[in-house]
Structure formats: C-alpha cells, structure tokens
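Trainee: Fold the stuff below for me.
(one chain, ligands or ions: 1)
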Amino acid sequence: MGGLVNAATAALTPTHRMTLPAATVPAHVAIIMDGNGRWAKNRGLPRIEGHRRGVETVRTTTFAARDLGVKMLTLYAFSIENWKRPPEEVNALMGLLEFYLKQELATFVRDRVRLRTIGRTDELPAGVQKVLRTTIEETKQFTDYTLVLALNYGSRTEIVDAARAYAAAVAAGKEKLNDGSWTTFSRYLYTADMPEPDLVIRTSGETRISNFLLLQAAYAEFVFTPVLWPDFTKADLAAAIADYNRRERRFGLTSEQLVNPARAGAK
Ligand code: FPP
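Mentor: Numbering: from 1, shown residues only. Prediction:
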C-alpha cells in the first residue's frame, strides 16, 4: 500500500526528484506512440514535424523509463499497416529512424542501453537494417535495461510467422505436435526471450490495441492517456505507472487467492 501512495505522490513531484520504489515499477512497459500527426496539425505544421518531435520524445522516454526503474521499454515505432501511409511520410519516418539510431549509438553504449527489435526488420530499407545491426551488436552485452523497437511489426503477422516456424520445427522432428503448449509455442514469437509487458500505454486518447503484442499483453494493464506523443513527459509516464499500481492484477485468480496464494489451485 505504501508503494501505491509513493507512486501516486511521485507522479506529482517535479521531474528531477521523481523516483518510484522498486516494488511498484512494472518491469516491462510497452507504448503505442500516437498523436504525432495531430500534434503537428494543431500547430499548422506538416505531419513530419510531429514525427520529428516524436523522436525527441522517444529519446526522453527511453531515459525516463530507466530512471523510474523500468527494465524493458518497447515502443511501437512502425507497424506493418504504416506502409500504407503516403510514400513521402513513410520515407520521412525511415529517414528519421536511421538518423535517430546513428545519433543514439554512442549514448546507448555510454548509458548501457541494450537495443533489440521485434518485427520483420528484413523488409526495412538497407540503411536502416545496417544501423540496426550495428547498434544491436554493440549493445548486446548490456543487461540492466533494454529498449525494444517494434519495427514493421504486426501481431497477426508475428503469429503467422511463429506458426510457420513451429510447423517447420515439428516437420523437422525438433518439436512434438502433441506437446504444443503456450510455453512451447511462445518460443517461436519474436518476443521469445522477452518478459511479457506488464503495462501497455497508448497516447493521444485512442483506446485501441492496433495489432500490438496481442498475445503478450494477455494479462497486461492498459493505460490510455489523452496526451499526444510529442507532449508525453516523464511525469506522464510516472502517472501511468501510478495508475498501474492502483490496479489489482489477478491473472485469473480471485482477490482472496492473491492475498493467500496457498488457496490458489494448481492446474
Ligand atoms: C503515430 O502518430 C506514430 C507513428 C506512426 C509512429 C511513431 C513514430 C515516431 C515516434 C518517430 C520515429 C520513431 C523512432 C523510434 C525514431 P500518427 O502519425 O498516427 O498521429 P495521428 O494519429 O495524430 O495522425
């Protein structure tokens, strides 16, 4: 209970003094970054300006999450459906991504941030793939904090890719079809060795999941904030975490079983 009060209070304190007790911090936070276009439109600016400001928020949020004690941050940076946007916007997003990665490499190394990706990254432009490979390689030894970029990601495609890989493993005799449990199947998802998200945040007031981590977020808590992504701050992240702390995560059990785990039946 103390953690809950502390977390709620932390959300109201000035950014530089903001810390949350470890027990209250979700280990894995995933964010659907939305509202770049509206942010720009509200100011009479081209959409790309919103994305440019969105990249700044990616930067600040990466370090804000780590400061607050989060261990893994997953950002939905480019969905499979985003290819359908006007080509100039797609090109601008890819350019921004490449520029961002090139700029951040030194910072990631200095601050021990591991970079990973989920999604069909082999379909991204060659320049983006190259800088991704370099950054992933040069940060793979860091274990304290991981930034995961969902790039050319879509949950349904991920499930199809996993089913195909699983079927191939069965055909090759590496898996037995009858052993097909969730634990086995989940090893074929892009997220195979990642923890599931505890908290999923979506900015901009939309309340959809948009093909993001559909299976992995099965037991996640969701926080929807009206704040547009370029305006999202460390205080907004802390407020979302405080909201998360007001929820009771039951994983299918009753409240009584959570208080007294001995009463939870095994299956
Ligand atoms: C949604 O805003 C945002 C995206 C399409 C993806 C997010 C992209 C960035 C933050 C920039 C590039 C990312 C990295 C990691 C460098 P929207 O355009 O859908 O906004 P709208 O709904 O207001 O139009």
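
Trainee: From here on, just use CA atoms for contacts and neighbour counts.
Mentor: Noted.

Trainee: residues in contact with stretch 156-174?
Mentor: Under the contact criterion Cα atoms under 8 Å, 6 or more residues apart in numbering, stretch 156-174 has outside partners 119, 175-177, 185-186, 188-190, 211.

Trainee: Are any of those buried, and if so which?
Mentor: Among these, those classed as buried by 16 or more other Cα atoms under 10 Å are 119, 175, 185-186, 188-190, 211.

Trainee: The stretch 51-200 of the chain: helices as residue ranges?
Mentor: 87-110, 126-139, 155-171, 182-186 (DSSP state H, counting those that start in this stretch).

Trainee: Just the mean pLDDT for the last one, thanks.
Mentor: Over the span of helix 182-186, the pLDDT mean works out to 94.

Trainee: give me every residue that touches the residue in the stretch 101-250 of the chain that the ligand sits nearest to.
Mentor: Nearest residue of the stretch 101-250 of the chain to the ligand, counting by Cα to the nearest ligand atom: Leu149, 6.5 Å away. When contacts are counted by Cα under 8 Å, 6+ apart, Leu149 touches 74-77, 115-118.

Trainee: Distance to Glu137 for those residues - can I get that in JSON lines?
Mentor: JSON lines is the format used below for the contacts of Leu149 (distance: Cα to Cα, whole Å):
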{"residue": "Thr74", "distance to Glu137": "18"}
{"residue": "Leu75", "distance to Glu137": "19"}
{"residue": "Tyr76", "distance to Glu137": "21"}
{"residue": "Ala77", "distance to Glu137": "20"}
{"residue": "Leu115", "distance to Glu137": "9"}
{"residue": "Arg116", "distance to Glu137": "9"}
{"residue": "Thr117", "distance to Glu137": "12"}
{"residue": "Ile118", "distance to Glu137": "15"}
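
Trainee: now, which of these lie close to the ligand?
Mentor: Contacts with the ligand are made by Ala77 out of the contacts of Leu149, judged by Cα under 6 Å from any ligand atom.

Trainee: What is the neighbour count of Ala172?
Mentor: Residues contacting Ala172 under the criterion other Cα atoms under 10 Å number 10.

Trainee: Arg110 now?
Mentor: Around Arg110 there are 10 residues (other Cα under 10 Å).

Trainee: Same check on Thr107?
Mentor: 10.

Trainee: Asp144 versus that one, what's the distance?
Mentor: 15 Å (Cα to Cα, to the nearest Å).

Trainee: same thing with Glu88?
Mentor: Distance of Glu88 to Asp144, computed by Cα to Cα: 37 Å.

Trainee: Ranking helices and strands of the protein by mean pLDDT, which lands last?
Mentor: helix 2-10 (a mean of 37; mean pLDDT, DSSP states H and E).

Trainee: Now do the next helix or strand after that one: everything it contacts.
Mentor: Where DSSP states H and E defines the elements, the next helix or strand beyond helix 2-10 is strand 28-32. Here strand 28-32 makes contact (Cα under 8 Å, 6+ apart) with 70-77, 195-203, 209, 212.

Trainee: Please export the C-alpha coordinates of strand 28-32 as CSV.
Mentor: Extracted in CSV, the C-alpha atoms of strand 28-32 (Å, rounded to 0.1, in the frame of the first residue of the first chain):
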residue,chain,number,x,y,z
HIS,A,28,8.2,-4.1,-18.9
VAL,A,29,6.4,-1.1,-20.3
ALA,A,30,5.2,-1.1,-23.9
ILE,A,31,3.9,2.1,-25.5
ILE,A,32,1.8,2.7,-28.6
